[in-house]
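Trainee: With the input below, show me the fold.
(chains A and B)
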Amino acid sequence: MNKAVVVRDLTKKFGTFTAVNKLNFEVDKGEVFGFLGANGAGKTTAIKILCGLSKPSSGQVTVAGFDAYKQSELIKKNIGYMSQRFSLYDDLTIAENIRFYGGIYGLKRVEIQSKIKEYVKKLNLEEFEGRKVIDLPLGIKQKLAFSVANVHNPAIIFLDEPTSGVDPITRRQFWDMIYLEAAHGKTIFVTTHYMDEAEYCDRITIMVDGKIEALDSPSKLKKEFNTQNISEIFLKLSRKQNTSQN
Amino acid sequence: MRTIIFLLQKEFIQIFRNKMMLPIIIVIPIVQLLILSYTATFEIKNVSLAFVDQDKTQTSKELKSRFEHSPFFNIYAEADHISQLEKSMLQQKVEMILVIPPDFEKQLTLSKKADLQLIVDAVNGSAANLMAGYANQIVLGFNTDIITNLTGINIKETGIQVAPRYWYNPELDYKTYMVPGILVLLVSLIGAFLSGMNIVREKEIGTIEQLNVTPIKKYQFIAGKLFPFWLIAMFDLCFGLVIAKIVFAIPILGSVWLILGVAAIYLILVLGLGLFISTITDTQQQAMFLAWFFFVIFIMLSGLFTPVEAMPEWTQMLNILNPIAYFIDFMRMVMLKGSDFTAVTSQILHITVYALLTMGLAIWRYRKRA
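Mentor: Take a look at the predicted model:
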């Protein structure tokens, strides 16, 4: 198994509305895979299916070698997930959050203790240790949430708009963390609508209205569309869609 | 099991870190018991009574003094004509008017027959009935004494004498009757509301999604979520029983272990209801309204505040579906009558089947989905 994620003709319908329309893509192990699209393009729907939070209407989905229809609980063991909504408990301290999620994923007590030490040191949280998460600045919260999503050392990490609302410096630091994990062989699947972040990915897909309109490495896409940056490609694709609709 | 322990640890930290939680667990039960236990009395004292005495004789005076000495009546005023009291009646200063017509004494001695008029504010029908009943009792006593005086025959000691004995509650103290029911209300509210709200809150803040993406099993999640509230409700029941015993001197004639054992099953039912509500709502506001919708009906139907026997047949039938009614029945029987297991088998059976159904439905409805 060399592919972290394999998706064939994935479709998700809510009543008559098709949120995700026949997606086809594969994600290699160790790849940083970017999932781009405007709000409502179907990114979150797709990522929820990959994480086992939602069942596909049709098509094949394999994540970490497991089938999304029958083995969604096995998928959950092997992935980490950080949603665009805040996923830590506000009224628990940093250590309590790490302990809780570590425990849920079956880490041993000693492993949990070493994770707490590791994260506090890595994120320079010494001054916040023992404080409730609600008191942390947003940037630190997001970095901590990423670490917690990684606490059980999963093969694939899904990040759904992890940097929305975060300042540019913290975003940069956040991407350093992503690269570090990728360098350790982890597959990163990240959705974003910051086009500069797209440049950091090994490959990107651009979704427009539930469909994939482009899929390749940023440099190849720029060549193909003859542009300087991803932002222009994104605008071209979105406009094309709009004019064809009109 | 390890997963459940981590979940429990987290829940307990959150529950006791919440500053409102200790008051909810400790203060609310006390206040509810102390206040609600006095609310549903079926007797009326200090009825505000006015006289219209148009006779003004020794006999009418004597009749009035009987009312004056009754603990049930307060004499508000005396008037010469009813019209003078109409305003007071409208302002609810007077609840009952006794009219003694002219020649009352004369009629009584000459024709051995006289009439009295009683005017009762009957906005509240059952209260009016009670007030008229008290008044009749006094007049009846007065009547008997007159006959005895006139004829020399003591009719008090002739004819059929009924001597009621009030079993299980000899003093007819309504608190004895109320407190076991209030205890049920208390643990039901604590169990259903706290558990339901807790889960919906995780939906609101979004952490439930993070939990759903972990390999946590459905039964682990449910056990970890519900057990803390089961424990809190059990604690409140014990706490309430102690208050009942010490403050109200309510007898606990039956087995405490039987009470606790059946309460343990009943709470599974209540928590199942809370869990079920949380599975079909998205916000705490919705959950709150839905829980109240169920509980207002359950409580009013249960016979906690008004006797079930007085309700129309079709609402009595609805009580077959009312979990609270079974447990109130059970508690009253075991606490006040000392009923043993064999006497309450029907209630226990209903509660157990109901608990399995509710919890089963809730578990079936609960989805590990976003």
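
Trainee: Nearest residue to the residue nearest the centre of chain A in space, please, no chain neighbours.
Mentor: With distances taken as CA atoms, centre = their mean, A:Leu159 lies nearest the centre of chain A, 1.9 Å away. Take A:Leu159 and drop its neighbours on the chain: the residue closest to it by CB to CB, 6 or more residues apart in numbering or on different chains is A:Val190, 4.3 Å away. All C-beta atoms are positioned from the backbone trio N, CA, C, and that covers glycine.

Trainee: Please state the backbone phi and psi of that neighbour?
Mentor: phi -130, psi 130 (degrees, to the nearest 10).

Trainee: Ok, the one 10 residues further on next?
Mentor: Comment: the main-chain dihedrals of A:Tyr200 come out as phi -80, psi -10, following degrees, to the nearest 10.

Trainee: ok, now which ones touch it?
Mentor: A:Tyr200 sits next to A:Val32, A:Gly34, A:Trp175, A:Ile178, A:Tyr179 when contact means CB atoms under 8 Å, 6 or more residues apart in numbering or on different chains.

Trainee: Pull the most distant pair out of those.
Mentor: A:Gly34 and A:Tyr179 (13.0 Å; CB to CB).

Trainee: okay, those two: which has more neighbours?
Mentor: A:Gly34 (24 against 13; other CB atoms under 10 Å in any protein chain shown).

Trainee: Hmm, the more buried one is touching A:Tyr194, no?
Mentor: No - in this structure A:Gly34 lies outside contact range of A:Tyr194 using CB atoms under 8 Å: 10.0 Å.

Trainee: Point out where the chain drops to low pLDDT.
Mentor: You didn't say which chain, so I picked chain A. Residues of chain A meeting the criterion pLDDT under 70: A:1, A:241-246.

Trainee: not what I meant, chain B
Mentor: In chain B, residues with pLDDT under 70: B:40-43, B:155-159, B:161, B:170-172, B:369-370.

Trainee: Please enumerate the strands of it.
Mentor: Assigned by DSSP state E, the strands in chain B fall at B:47-53, B:73-79, B:96-100, B:117-120.

Trainee: and what of chain A?
Mentor: A:3-14, A:17-28, A:32-37, A:58-63, A:66-67, A:79-82, A:156-160, A:187-192, A:203-208, A:211-216.

Trainee: tell me the angle of the second one relative to strand A:203-208?
Mentor: For the pair strand A:17-28 and strand A:203-208, the angle between their directions (axes from the mean of the first three to the mean of the last three CA atoms, to 10 degrees) equals 170 degrees.

Trainee: how far does strand A:17-28 sit from the chain's center?
Mentor: 15 Å (CA atoms, centre = their mean, to the nearest Å).

Trainee: Show the contacting residues for A:Ile190.
Mentor: No, residue A:190 isn't Ile; it's Val. A:Val32, A:Phe33, A:Gly34, A:Phe35, A:Phe158, A:Leu159, A:Pro162, A:Ile178, A:Glu197, A:Cys201.

Trainee: separation between the residue nearest to the centre of chain A and A:Ile98?
Mentor: 18 Å (CB to CB, to the nearest Å).

Trainee: What parts of chain A come near chain B?
Mentor: Listed as neighbours of chain B in chain A under the rule CB under 8 Å from any CB of the partner chain: A:48, A:51-55, A:73-74, A:76-77, A:79, A:81, A:83, A:85-92, A:96, A:99-101, A:103-106.

Trainee: Looking at those, which are in helices?
Mentor: Counting by DSSP state H, the residues of chain A next to chain B place A:Lys48, A:Glu73, A:Leu74, A:Lys76, A:Lys77, A:Glu96, A:Arg99, A:Phe100, A:Tyr101, A:Gly103, A:Ile104 in helices.

Trainee: Give the burial count for the residue lying closest to the fifth one once chain neighbours are set aside, as a bare number.
Mentor: Same thing as A:Lys77. In space, and not counting its chain neighbours, A:Lys77 is closest to B:Pro215: 4.5 Å by CB to CB, 6+ apart. Neighbour count for B:Pro215, taken as other CB under 10 Å: 20.

Trainee: List the contacts of B:Pro215.
Mentor: A:Glu73, A:Leu74, A:Lys76, A:Lys77, A:Ile104, A:Tyr105, A:Gly106.

Trainee: and what of A:Ile206?
Mentor: A:Leu36, A:Gly37, A:Ile212, A:Glu213, A:Ala214, A:Leu215, A:Ile233, A:Phe234, A:Leu237.

Trainee: B:Gly338 is in contact with B:Leu258, correct?
Mentor: No - contact criterion CB under 8 Å: B:Leu258 and B:Gly338 do not qualify, at 10.2 Å.

Trainee: returning to that earlier point: which among the strands of chain A is found nearest to B:Glu209?
Mentor: strand A:79-82 (8.2 Å).

Trainee: ok, B:Gln347 - contacts?
Mentor: B:Gln347 touches B:Val262, B:Tyr326, B:Phe327, B:Asp329, B:Phe330, B:Met333, counting by CB under 8 Å, 6+ apart.

Trainee: excluding its backbone neighbours, what's nearest the fourth one?
Mentor: Right, B:Asp329. Nearest one to B:Asp329, counting by CB to CB, 6+ apart, is B:Gln347 at 5.4 Å.

Trainee: With chain A as the reference, measure out to the one you found.
Mentor: Separation of B:Gln347 from chain A (CB to the nearest CB, to the nearest Å): 39 Å.

Trainee: Could you give the backbone dihedrals for B:Ala114?
Mentor: According to degrees, to the nearest 10, B:Ala114 has phi -150, psi 160.

Trainee: Does it touch B:Phe142 like I think?
Mentor: No - at 11.0 Å, B:Ala114 does not count as touching B:Phe142 under the criterion of CB under 8 Å.

Trainee: quick one: which of those two has more around it?
Mentor: B:Ala114 (19 against 16).

Trainee: so how far is chain B from the residue nearest to the centre of chain A?
Mentor: A:Leu159 is 12 Å from chain B, by CB to the nearest CB.

Trainee: quick one on the thing from earlier: as CSV, the contacts of B:Pro215 with neighbour count and distance to A:Lys122 would be great.
Mentor: Formatted as CSV, those follow (neighbours: other CB atoms under 10 Å in any protein chain shown; distance: CB to CB, whole Å):
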residue, neighbour count, distance to A:Lys122
A:Glu73, 15, 30
A:Leu74, 16, 29
A:Lys76, 24, 25
A:Lys77, 16, 24
A:Ile104, 23, 21
A:Tyr105, 22, 19
A:Gly106, 14, 22
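
Trainee: biggest separation within these, which pair?
Mentor: Taking CB to CB, no two of those sit farther apart than A:Leu74 and A:Ile104, at 15.6 Å.

Trainee: tell me the residue furthest from the middle of chain B?
Mentor: Distance to centre of chain B, CA atoms, centre = their mean, peaks at B:Leu110 (50.7 Å).

Trainee: Of all the strands of chain A, which one comes closest to B:Phe239?
Mentor: Proximity to B:Phe239 (CB to CB) singles out strand A:79-82 among the strands of chain A, at 41.7 Å.

Trainee: what helices or strands is that closest one leaning on?
Mentor: helix A:138-149, strand A:156-160 (3 or more CB pairs under 8 Å, 6 or more residues apart in numbering or on different chains; DSSP states H and E).

Trainee: one more time with 10 Å
Mentor: helix A:43-50, helix A:138-149, strand A:156-160, strand A:187-192, helix B:207-212 (3 or more CB pairs under 10 Å, 6 or more residues apart in numbering or on different chains; DSSP states H and E).

Trainee: Centre of the chain to that strand, how far?
Mentor: 7 Å.

Trainee: try stretch A:181-196
Mentor: Worked out by CA atoms, centre = their mean, stretch A:181-196 lies 7 Å from the chain centre.

Trainee: A:Leu107: how many residues sit nearby?
Mentor: 21.

Trainee: what's stretch B:66-80 in contact with?
Mentor: Stretch B:66-80 is contacted from outside by B:43-54, B:56, B:64-65, B:84-86, B:88, B:93-99, B:130-131, B:133-135, B:137-139, B:141-142, B:145, using CB atoms under 10 Å, 6 or more residues apart in numbering or on different chains.
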